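K.L.:
Predicted coordinates and the sequence they were generated for:
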Amino acid sequence: MAKTKFNDKEIKDGMILLCNTAVDLCGKKFQKHKAVKKQGLERLFEEDFVKAAKMKDWKIKTQHNRADLGIIDKMRPKGWVDAIITHDDGFRVGVEFKICELPRMKWNDANSSTYDVGQLAWDYKALSTYKMDSAYCVAVLHGALVEMPTATPLGIMRMFHNALFTDFQVAKSWGWAKYKNQSAIGRREIETISDMGLDKPFYRPKANPNNFCRLYKEQKLAVVGFSIR
């Protein structure tokens with residue numbers, strides 16, 4: 001058990017601070033790399049997030065083996081958690097990163113529409129099974145909607161949430177999720193999307209107060225954090 005406890009607001013504020021610093025460090029590199037290819041963007045953000053997380057009394061480890069994390073996720077026993085930030089007193093925060101284009105220009109047919117929301121759901125569910133004191137899925141957003149001159153953090157949060165909601169509804173109406181008889185994998189994804197509140201349109205009073213959205217107009221990026229615990 002961690003000796004030092006941090007409340008939800010402290011963890012949320014800390015995550016926002018790390019994201020702010022990471023975007024400051026990687027913003028120009030991100031856009032330059034994106035102009036050439038989309039692969040490798042997550043690594044760029046992660047590397048500078050790690051730099052930001054090297055603070056007094058805290059250490060960060062990337063690519064942490066899932067098999068070493070206590071309660072084993074039986075459907076995802078192998079692989080790595082992107083990062084675990086640990087306080088000297090033992091308090092642990094798990095973090096998974098995801099790069100998302102808003103709007104997404106690929107994977108838009110009914111059977112692949114859950115490309116973004118499905119990956120977020122799998123990360124969310126896996127982190128919820130481990131013995132963490134807190135955890136976040138961090139989505140770094142880029143694309144035309146993020147770059148709109150009139151964009152606001154709340155507007156981006158709403159658009160992103162509703163894009164994920166719509167993707168899920170497309171799969172439920174015309175794609176793989178419409179079938180009553182689902183595999184264990186399919187049931188898990190559907191149930192987790194609902195747990196995240198992404199089975200319904202965005203409604204601010206019902207949103208998780210520990211989630212956050214930051215908009216960085218100069219860097220043409222936004223970051224959405226989904227709190228898991």
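P.N.:
Structure received.

K.L.:
Every contact and neighbour count from this point should use C-alpha atoms.
P.N.:
Noted.

K.L.:
residue ranges with poor pLDDT in the chain?
P.N.:
By pLDDT under 70, the weakly predicted segments of the chain are 1-3, 71.

K.L.:
In it, what residue spans correspond to helices?
P.N.:
Applying DSSP state H to the chain gives helices spanning 8-34, 41-52, 115-129, 153-174, 184-195.

K.L.:
Put together CSV for the ones you listed, with distance to Phe202 and mean neighbour count on each row.
P.N.:
Formatted as CSV, those follow (distance: least, C-alpha to C-alpha, whole Å; neighbours: other C-alpha atoms under 10 Å):
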stretch, distance to Phe202, mean neighbour count
helix 8-34, 20, 17
helix 41-52, 26, 18
helix 115-129, 14, 20
helix 153-174, 6, 19
helix 184-195, 13, 16
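
K.L.:
Looking at these, which is nearest to Arg76?
P.N.:
Ranking these by proximity to Arg76 (C-alpha to C-alpha) places helix 115-129 first, at 7.2 Å.

K.L.:
helices and strands around that closest one, which ones?
P.N.:
Applying 3 or more C-alpha pairs under 8 Å, 6 or more residues apart in numbering; DSSP states H and E, one finds that helix 115-129 contacts strand 92-101, strand 134-142, helix 153-174, helix 184-195.

K.L.:
try 10 Å this time
P.N.:
The helices and strands touching helix 115-129, judged by 3 or more C-alpha pairs under 10 Å, 6 or more residues apart in numbering; DSSP states H and E, are strand 80-87, strand 92-101, strand 134-142, helix 153-174, helix 184-195, strand 221-227.

K.L.:
angle of that helix against helix 184-195?
P.N.:
On the basis of axes from the mean of the first three to the mean of the last three C-alpha atoms, to 10 degrees, helix 115-129 is oriented at 90 degrees to helix 184-195.

K.L.:
Please verify my assumption that Ile72 contacts Gly79.
P.N.:
No: applying C-alpha atoms under 10 Å as the test, Ile72 and Gly79 come out as separate, 11.6 Å apart.

K.L.:
so what's in contact with those two at the same time?
P.N.:
Counting by C-alpha atoms under 10 Å, 6 or more residues apart in numbering, the residues touching both Ile72 and Gly79 are Arg66.

K.L.:
Between the two, which is the more surrounded one?
P.N.:
Per other C-alpha atoms under 10 Å, whichever of Ile72 and Gly79 has more neighbours is Ile72, with 16 against 11.

K.L.:
Just the endpoints, please. Distance across stretch 166-180?
P.N.:
19 Å (C-alpha to C-alpha, to the nearest Å).

K.L.:
hang on, I meant stretch 176-196
P.N.:
Stretch 176-196 has an end-to-end distance of 20 Å (C-alpha to C-alpha).

K.L.:
Appreciated, that's everything.
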